[in-house]
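A.B. asks: Predicted model and sequence below, questions to follow.
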Amino acid sequence: MAGLDDIDVALCEYTEKLTRAPSSVGPDDMAALRVVGLDDQGISSATQVVAYFNYINRIAEGLGVAKEDWLDHDGTHAGA
């Protein structure tokens, strides 16, 4: 992931795993986050943010909430 530091890369990898395969997250994932400098509070905060966004996105998708007009079809910011 070009341009990202080690912490950001580790957080992106953790976020993807927690989102796509939450039951596969385990001690090795926590260890990988600690290696790049996150402590228990940082890991907890990251996990809560990821879980919240996954939760709220599933609520919106489940209820058929339309995407905001300022988002492109793939969910990115229009014009970005």
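C.D. replies: Right, received. Where do you want to start?

A.B. asks: Mind naming the longest helix for this structure?
C.D. replies: The residue-count maximum for a helix in the chain (DSSP state H) belongs to helix 40-63.

A.B. asks: Spatially nearest residue to the residue most central in space within the chain, not counting backbone neighbours?
C.D. replies: By CA atoms, centre = their mean, the chain has its centre lying nearest to T15, at 3.5 Å. Ranked by CB to CB, 6 or more residues apart in numbering and with sequence neighbours excluded, the top spatial neighbour of T15 is V50, at 5.0 Å. (Each C-beta comes from the backbone N, C-alpha and C, glycine too.)

A.B. asks: what does I59 give?
C.D. replies: V65 (7.9 Å).

A.B. asks: Please report phi then psi for the one you found.
C.D. replies: V65 has phi and psi values of phi -70, psi 130 when expressed as degrees, to the nearest 10.

A.B. asks: can you count the residues close to it?
C.D. replies: 11 (other CB atoms under 10 Å).

A.B. asks: Any stretches of the chain with poor pLDDT?
C.D. replies: Across the chain, the ranges flagged by pLDDT under 70 are 1, 73-80.

A.B. asks: same thing but 80
C.D. replies: For the chain, the stretches with pLDDT under 80 are 1-2, 71-80.

A.B. asks: In the helix or strand hosting T19, which residues are buried?
C.D. replies: Here T19, judged by DSSP states H and E, is contained in helix 6-20. Within helix 6-20, the residues that qualify as buried are 10-11, 14-15, 17-18, counting by 16 or more other CB atoms under 10 Å.
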